[in-house]
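Colleague: fold the following.
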Amino acid sequence: MIRERTAGPILPPHIEETISAIADLHAEHHRRATPIQRVVERSVRLVGKPRFIALLTLFVIVWISLNLVLSRYNLAFDGAPFQALQDLGELLGLYITVLILIFQRRENELLGHREQLTLELAILSEQKNAKIIQLLEEIRRDSPHLTDRHDPEAAALSVAADPQAVFEAIRERHDEMVAHVDEPEVAAPPKDVS
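Modeller: Model (predicted):
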């Protein structure tokens, strides 16, 4: 879906299509959010603003000041060491932590979709590059003005990579690395210092 742009630089259609595809991915992710997820997202955005820390600091100062003033008249609702304020802070910290974890989980879904899109585009680009190299090699072989020669590097690059084979190779290399890291270090035998 190509959207009309009213301002900004004129971009080639394929760039506009790519930008629209990414915007559509984000819009779809937002549309699929439940009302609770939207509340969580708004809450995390609110907590992440400098205004929140300023308001929180102001709240703590007012709480402590009010209790210090009221303590002179034995009316303090949370006297020093302000245990209720500490409990409220711990509860707020717990809620903020849970909200951030929920928000992060949802953002990880979007990140996974973007990673999948990037991977698919990389595979497609690799296949296109291999096809271009094949066509150039055909032109070189068929052209009477160019000397025909065997180029092993061009021949290798003209074959599109098998994504499954690449995945298996990456997984094997990763497993080897993990196995190597998990091996216990063997201490060198002590040197004889006689």
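Colleague: use CA for all of it now, contacts and neighbours both
Modeller: Noted.
Colleague: so where do the helices sit in this protein?
Modeller: 13-31, 35-47, 50-71, 83-142, 152-157, 163-182 (DSSP state H).
Colleague: give me every residue that touches Gly112.
Modeller: With contacts defined as C-alpha atoms under 8 Å, 6 or more residues apart in numbering, Gly112 has no neighbours.
Colleague: change it to 10 Å
Modeller: Residues near Gly112 by C-alpha atoms under 10 Å, 6 or more residues apart in numbering: Thr118.
Colleague: helices and strands around the lowest-mean-pLDDT helix or strand in the chain, which ones?
Modeller: Lowest by mean pLDDT, DSSP states H and E among the helices and strands of the chain is helix 163-182, with a mean of 79. With contacts defined as 3 or more C-alpha pairs under 10 Å, 6 or more residues apart in numbering; DSSP states H and E, helix 163-182 has these neighbours: helix 83-142.
Colleague: so the helix it packs on versus helix 35-47, what angle?
Modeller: Here helix 83-142 runs at 100 degrees with respect to helix 35-47, directions being taken by axes from the mean of the first three to the mean of the last three C-alpha atoms, to 10 degrees.
Colleague: contacting residues for Arg106?
Modeller: So, once contact is read as C-alpha under 10 Å, 6+ apart, Arg106 ends up touching His29, Ala33, Gln37, Glu41, Ile100.
Colleague: neighbours of the first one, how many?
Modeller: By the other C-alpha atoms under 10 Å criterion, the neighbourhood of His29 contains 15 residues.
Colleague: if I look at it, how far off is Ile19?
Modeller: Going from His29 to Ile19 by C-alpha to C-alpha, to the nearest Å gives 15 Å.
Colleague: also the second one?
Modeller: Spatial separation of Ala33 from Ile19 under the definition C-alpha to C-alpha is 22 Å.
Colleague: where are the low-confidence patches of this protein?
Modeller: Low-confidence segments of the chain, defined by pLDDT under 70, are located at 1-8, 184-194.
Colleague: what about the spatially most central residue of it, distance to Arg149?
Modeller: The chain has Leu111 as the residue nearest its centroid, 4.8 Å off, counting by C-alpha atoms, centre = their mean. Computed as C-alpha to C-alpha, the Leu111 to Arg149 distance reads 46 Å.
Colleague: ditto for Asp142
Modeller: Distance from Asp142 to Arg149, by C-alpha to C-alpha: 11 Å.
Colleague: among the two, which residue is more densely surrounded?
Modeller: Taking other C-alpha under 10 Å, Asp142 and Arg149 do not tie; Asp142 has more neighbours (12 against 9).
Colleague: tell me how far Leu119 lies from Pro163.
Modeller: Note on Leu119: its distance to Pro163, by C-alpha to C-alpha, is 10 Å.
Colleague: again with His113
Modeller: Taking C-alpha to C-alpha as the measure, His113 falls 18 Å from Pro163.
Colleague: which of those two has more neighbours?
Modeller: In this view His113 and Pro163 are compared by other C-alpha under 10 Å, and His113 has more residues nearby, 15 against 12.
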